[in-house]
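Q: next one to model:
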Amino acid sequence: MQHKLHKILTLLAALLIVTADTASAAKPQSFDADVEKFVSEMNLKYGLELNRLRELMGKVTYQQSIIDAITRPAEAKPWAKYRPIFITPSRIAQGVEFWNENTALLERAEQVYGVPAQLIVAIIGVETRYGRNIGKYPVVDALSTLAFGYPKRAEFFRRELAQFLLLIQEERIEPDEALGSYAGAMGLPQFIPSSYRAYAVDFDGDGQRDLWHSKADVIGSVAAYFKQHGWKRGGDITTRVSGVESRHDPFVEAGMKPSFTFGKLRKTGVRSEQPVADDALASLIRLDGETEYEHWLGLHNFYVITRYNHSNLYAMAVYQLSREILSERGRQAQAENRAETDSDRLENK
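A: Below you'll find the model as predicted:
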């Protein structure tokens, strides 16, 4: 009898969990009304055609998996678990391949905007594996789900949804074909709609800014984004430091924006692996390594990388991937040169 009672209680508990999960996955009661109100606002504010808006937004599907994904971002992981996601042999090899296939475009972007080719490649590698993983969600679904089903950041995503509706009109984008991340980021570089409208460039000169299909626009837009956010041509990015103790916690807690000179930090016993000018503004970054903390300087250009994604972990992954890609490409070039030299010697014998 006791066994049967225990079994019944177990089944009831399981049923309650399933019921709770189903309830949490249900579309919010106000969702449809909020969508219709938003459609009216877009019509009044921007003059977008009402019937077309209703047709587009009437197809929107609320997706609970989007809400689930945004509550567990990768940036919540410690550095020791975050780094292996992005610094992998395959992503490095694919980065070299992408660079070799787009050498002329990367050289032109570096010349125009001052952003190193390896950094542009690394951004695209971290974001979408060079276009292999641009996202599976219809952008309009992702943005609508978050705008009307995620109160914590509803205002932000309502603005991004408005930007997306303007963008598809300006760039002649078919909304049904526009796929992206759970947060509504689009194309190979994963620009959110406001960034797409503000920073994307028509680098191939065809009259359209296409971040899904035009490698030229993708490469040029990443470089333009960094330039617009203050990238300094030839400027240092980061270097590892030693001598950091608990008494340096206030420097770490000062935040990611460079706010004190390295000279001030150096006087407290901190040493950098690479030369850094005393008057260079910096932040002090603490990362959770496998067995101990790692400490790095966040210099101006490192901070610019965090404008792409407001995370020191993200910026460090981009930086380290860029270095690995640059190193591997150089190694391959040296191997090819040696092979050619050996071949020439054999021919001349």
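Q: helix or strand: which one has residue 285?
A: strand 281-288 (DSSP states H and E).
Q: next, the buried residues of the very next helix or strand once past that strand.
A: Using DSSP H and E, the helix or strand that follows strand 281-288 in sequence is strand 293-298. By neighbour count on 16 or more other Cβ atoms under 10 Å, the buried set for strand 293-298 is 294, 295, 296, 297, 298. Placement of C-beta: from N, CA and C, glycine included.
Q: next one: stretch 309-323
A: 309, 311-319, 321-323.
Q: next: stretch 64-77.
A: 66, 67, 70.
Q: can you show me the CA trace of that stretch as PDB?
A: Taking C-alpha atoms only, stretch 64-77 is exported to PDB below (Å, rounded to 0.1, in the frame of the first residue of the first chain):
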ATOM      1  CA  GLN A  64       9.500  29.700 -25.500                       C
ATOM      2  CA  SER A  65      12.900  28.400 -26.500                       C
ATOM      3  CA  ILE A  66      14.000  31.900 -27.200                       C
ATOM      4  CA  ILE A  67      13.100  33.000 -23.600                       C
ATOM      5  CA  ASP A  68      14.900  29.900 -22.300                       C
ATOM      6  CA  ALA A  69      18.100  30.700 -24.400                       C
ATOM      7  CA  ILE A  70      18.300  34.400 -23.300                       C
ATOM      8  CA  THR A  71      18.300  33.400 -19.600                       C
ATOM      9  CA  ARG A  72      21.400  31.200 -19.900                       C
ATOM     10  CA  PRO A  73      23.900  33.200 -22.100                       C
ATOM     11  CA  ALA A  74      27.400  31.700 -22.600                       C
ATOM     12  CA  GLU A  75      29.000  34.800 -21.000                       C
ATOM     13  CA  ALA A  76      27.700  33.400 -17.600                       C
ATOM     14  CA  LYS A  77      30.400  30.700 -17.800                       C
END
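Q: how far is it from where the chain is centred?
A: Computed by Cα atoms, centre = their mean, to the nearest Å, the separation of stretch 64-77 from the middle of its chain amounts to 14 Å.
Q: again with stretch 174-189
A: With Cα atoms, centre = their mean, you get 13 Å for stretch 174-189.
Q: for stretch 235-251, same thing?
A: 25 Å.
Q: what of stretch 151-169?
A: 18 Å.
Q: what does it rub up against?
A: Under the criterion Cβ atoms under 8 Å, 6 or more residues apart in numbering, residues 38, 42, 45-46, 48, 53, 56, 70, 139-140, 143-144, 146-148, 150, 173-175, 178, 184, 192-194, 196-197 lie in contact with stretch 151-169.
Q: could you give the mean pLDDT of it?
A: Averaged over stretch 151-169, pLDDT sits at 97.
Q: closest to residue 120 out of the buried residues of stretch 309-323?
A: Of all the buried residues of stretch 309-323, residue 120 sits closest to residue 322, with 8.6 Å by Cβ to Cβ.
Q: quickly list the domain ranges of the protein.
A: Following the assignment in automatic domain parsing, the chain carries domains at 31-73+132-200, 238-298.
Q: for the longest one, measure first residue to last.
A: The first residue of domain 31-73+132-200 is 31 Å away from its last residue (Cα to Cα, to the nearest Å).
Q: over to the last one?
A: Counting by Cα to Cα, the length from the leading to the trailing residue of domain 238-298 is 5 Å.
Q: surely residue 105 and residue 216 touch.
A: Yes - between residue 105 and residue 216 there is a contact under Cβ atoms under 8 Å: 5.3 Å.
Q: of the two, who's got more company?
A: Shown here are residue 105 and residue 216; by other Cβ atoms under 10 Å, residue 105 has more neighbours (22 against 19).
Q: which ones are touching residue 260?
A: Residue 260 makes contact with 251, 254, 281, 282, 283, according to Cβ under 8 Å, 6+ apart.
Q: try it again at 10 Å.
A: 250, 251, 254, 281, 282, 283, 284 (Cβ atoms under 10 Å, 6 or more residues apart in numbering).
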